[in-house]
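Trainee: Here you go, sequence then predicted model.
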Amino acid sequence: MPLFLTIGLVALLWLGSLSQSSGQRQRSVIYSASSGWQKVIFKQTTRLGNNRPGGSSKAPPRPSAEPAEPVAKLPEAATTPVASSTVSVPGFRPAFTGDFVTNRNRWKAGNLGDYYYQIGLGSYNIRKRNVNTRRVAFSSVPLPPTINLNNADVFTIRADVLADSGQVPAGGLLFGVKDSLNFCSFTLNARGEVSIKREVNGQTISDYMPGDFFAPGVPIEKNRNRLMIRRRGEYLHFFINDREIRTSPYPFRFLSGNGIGLTSLGYWTSFQKLSVTIGL
């Protein structure tokens, strides 16, 4: 009996070594006779190379250490120097505009004396509050320093004067305004007559401007007329609807001030598109 067990043990050991070398069996179980049939397990050790059929594994590829090809450098764009904002623009003419959308120029507004002054929507409206008054409405603002009527050889002042439907506008332009007592004016009345006047200290001076109303010698329209004053050298020219009145031109005299304004004689007068420009 011991001989039989010994032969069996040797046979089992021989078979286990064969299976381990061929790699077909991962584990071998051996029962030892001397230890009372103790279970012994043999485990396959890790090898450097995996020789199992169909179980080959590939190592992850290593990143290439070769430098990438240099990217072609884009050509630099040619830069053009920007002109300074202080460069003067050819043909530039200093201008003052009364657009009458807002009251940025600080015209009279609201109830003042016998008149109501309203500005907005592109119009400056003057309406009588006292229908029996003999005073004329007077509203003026100073021109900016870039516009000097006394120094400019050429300037143009223009505005549209409007009235109620079917009426001739009664109102006009003020220029060379120092205050309400020193100014020059170019106005129409409801009969279609025109006045060119110069006042000094509240008195009408008729040394070269007539001051009284007279027929202008050009057609006058109802509802709307455009008044224009233009200085050319030593003379002042006066126009109604782009036609020069019969007594124009007048010699230019030094103005009392450098303000611009509007005046009204009628119950309701509206002004639009007021502008002052220097130069041709």
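Mentor: On my side now, so go ahead.

Trainee: Please give me every residue in contact with G233.
Mentor: By C-beta atoms under 8 Å, 6 or more residues apart in numbering, the contact set of G233 is 153-154, 252. The C-beta positions use only the backbone N, C-alpha and C, and glycine is treated the same way.

Trainee: Neighbour-wise, give me the winner out of these.
Mentor: Using other C-beta atoms under 10 Å as the neighbour criterion, F252 leads the contacts of G233 with 17 neighbours.

Trainee: got any ranges where this protein has weak pLDDT?
Mentor: Applying pLDDT under 70 to the chain flags the ranges 1-92.

Trainee: Specify the residue ranges that define each domain of it.
Mentor: Listed by automatic domain parsing, the domain ranges of the chain are 2-43, 95-278.

Trainee: and L174, which of the three is it?
Mentor: Recorded secondary structure, L174: strand (DSSP: H, G, I helix; E, B strand; the rest coil).

Trainee: contacting residues for it?
Mentor: L174 neighbours (C-beta under 8 Å, 6+ apart): 138, 140, 183-185, 259-263.

Trainee: and if you look at P210?
Mentor: Per C-beta under 8 Å, 6+ apart, neighbours of P210: 195-197, 247.

Trainee: Please look at I240 and R224 and confirm they touch.
Mentor: No: I240 is not in contact with R224 according to C-beta atoms under 8 Å; the separation is 11.2 Å.

Trainee: So which of the contacts of G233 are in strands?
Mentor: Within those, residues falling in strands by DSSP state E are V154.

Trainee: Distance to T269 added to the contacts of G233, as a markdown table?
Mentor: Shown next, in a markdown table, are these (distance: C-beta to C-beta, whole Å):
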| residue | distance to T269 |
| --- | --- |
| D153 | 32 |
| V154 | 29 |
| F252 | 27 |
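
Trainee: Out of the contacts of G233, which is nearest to R230?
Mentor: Nearest to R230 among these, counting by C-beta to C-beta, is V154 at 7.6 Å.

Trainee: coming back round to it: name the residues contacting each of I240 and R224.
Mentor: Counting by C-beta under 8 Å, 6+ apart, I240 and R224 have no contacts in common.

Trainee: What is the burial count for I278?
Mentor: Every residue meeting other C-beta under 10 Å relative to I278 is counted, giving 21.

Trainee: That one contacts L143, correct?
Mentor: No: I278 is beyond contact range of L143, at 9.9 Å (criterion: C-beta under 8 Å).

Trainee: hmm, back to that, go through the domains of the chain and pick out the most buried.
Mentor: Neighbour counts (mean count of other C-beta atoms under 10 Å) averaged over each of these peak at domain 95-278, with a mean of 17.

Trainee: All set now, cheers.
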